[in-house]
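K.L.:
structure here, sequence nowhere to be found:
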């Protein structure tokens, strides 16, 4: 026996519930039991002789070969299937003019010792939007919507075995440079396989940016336990008409996938429009 939250956490962390002895009433497995098991589990040793995974090898994989899934890929497959089966989504796309934001980032990185990425600005804008539109932090709980206790934003990170989305905590209380510092530390832990159980808990939205790969836009899949996910495309120079003139501006597509059980179209559209306007106003940062 295990509590629903313990089962969800075990799926996130790859913990086998059948191997645990519960400390809860009647031997029930608790969240703390799962956390303790995850922290005690040794890191898997490197296996250079094993066939490379598709995520790690890409074009190097041989056509016609059978490539086994690693643990992270299995977890991702299970959670994405759960998302598609249980979360009825709708999708909204906008284009943000981030010309001024690009200039601001360049100025900040020339003057500061902490390098700020575009994701850091996006995460800050999203957190501010969640404060104004708190339903976007919610989860359906029976006949009510349970709102998040704090604003925590997941950041999708590519790692050798696949993809992880650890959580940046209390983002609304931090400035862009603080978010940048926290993001760098989180990315380093993720890519060195040192994420703690608390690093993947408590998110209410995830930001996934594929702009570095030349992607203009895409539809991301909502992480189970969260209300939405924001997919970010590349920043492209685009000719824009302006009072009879043609200006070259830097535009960025954003696509928001939303759980329709939690938020309706009008509410989510207001949230996304608010985030867009923040990113277009460099003075907001």
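P.N.:
Here it is on my side, so go on. Note that the structure is predicted; figures quoted are calculated from it, not measured.

K.L.:
what's the helix or strand for the residue nearest the centre of the chain?
P.N.:
Residue closest to the mean C-alpha point of the chain, counted by Cα atoms, centre = their mean, is residue 206 at 2.8 Å. Secondary structure assigned from DSSP states H and E places residue 206 in strand 205-209.

K.L.:
helix/strand/coil for residue 195?
P.N.:
coil (DSSP: H, G, I helix; E, B strand; the rest coil).

K.L.:
doesn't residue 188 make contact with it?
P.N.:
No - Residue 195 is not in contact with residue 188 according to Cβ atoms under 8 Å; the separation is 10.2 Å. Where C-beta positions appear, they are placed from N, C-alpha and C, glycine not excepted.

K.L.:
which one's more surrounded, these two?
P.N.:
Comparing residue 195 with residue 188 by other Cβ atoms under 10 Å, the one with more neighbours is residue 195, at 19 against 10.

K.L.:
give me the helices and strands touching the one helix or strand residue 272 maps to, please.
P.N.:
If you go by DSSP H and E, residue 272 is part of helix 265-280. Helix 265-280 sits against strand 89-97, helix 99-111, helix 118-132, strand 245-259, with contacts defined as 3 or more Cβ pairs under 8 Å, 6 or more residues apart in numbering; DSSP states H and E.

K.L.:
and these, which is most packed in?
P.N.:
Most buried of these, by mean neighbour count (mean count of other Cβ atoms under 10 Å): helix 118-132, with a mean of 23.

K.L.:
list the contacts of that helix.
P.N.:
98, 101, 105, 136-137, 151, 153, 155, 168, 171-172, 174-177, 179-180, 183, 204-205, 207, 209, 211, 230, 232, 235, 271-272, 274-275, 278-279, 284-285 (Cβ atoms under 8 Å, 6 or more residues apart in numbering).

K.L.:
what's the angle from it to helix 265-280?
P.N.:
If you take axes from the mean of the first three to the mean of the last three Cα atoms, to 10 degrees, helix 118-132 sits at 140 degrees to helix 265-280.

K.L.:
show residues contacting the next helix or strand after helix 118-132.
P.N.:
Tracing the chain past helix 118-132, the next element assigned as helix or strand by DSSP H and E is strand 139-141. The contact list for strand 139-141 (Cβ under 8 Å, 6+ apart) reads 145-146, 225-227, 259, 261-262.

K.L.:
repeat that for 6 Å
P.N.:
Here strand 139-141 makes contact (Cβ atoms under 6 Å, 6 or more residues apart in numbering) with 146, 261-262.

K.L.:
and that strand, which strands flank it?
P.N.:
strand 144-146 (antiparallel) (DSSP bridges).

K.L.:
who are the packing partners of the very next helix or strand once past the partner strand?
P.N.:
Following strand 144-146 in sequence order, the next helix or strand is strand 153-155 (DSSP H and E). The helices and strands touching strand 153-155, judged by 3 or more Cβ pairs under 6 Å, 6 or more residues apart in numbering; DSSP states H and E, are helix 118-132, strand 205-209.

K.L.:
by contact count, what packs against the last one?
P.N.:
So the one you mean is strand 205-209. helix 118-132, strand 153-155, strand 228-242.

K.L.:
do you know which of the ones you listed lies nearest residue 248?
P.N.:
strand 228-242 (5.4 Å; Cβ to Cβ).

K.L.:
tell me what angle the closest one forms with strand 245-259.
P.N.:
Interaxial angle of strand 228-242 relative to strand 245-259 (the same axes, to 10 degrees): 160 degrees.

K.L.:
average pLDDT for strand 228-242?
P.N.:
When pLDDT is averaged over strand 228-242, the result is 94.

K.L.:
re earlier: which of the contacts of helix 118-132 are buried?
P.N.:
Using 16 or more other Cβ atoms under 10 Å as the burial test, those include 98, 101, 105, 136-137, 151, 153, 155, 168, 171, 174, 176-177, 179-180, 183, 204-205, 207, 209, 211, 230, 232, 235, 271-272, 274-275, 278-279, 285 as buried.

K.L.:
domain boundaries for this structure, per the record?
P.N.:
Per the record, the chain has its domains at 1-41, 80-284, by automatic domain parsing.

K.L.:
weakest of those in terms of mean pLDDT?
P.N.:
When I compare the domains of the chain, domain 1-41 is least confident, with a mean of 76.
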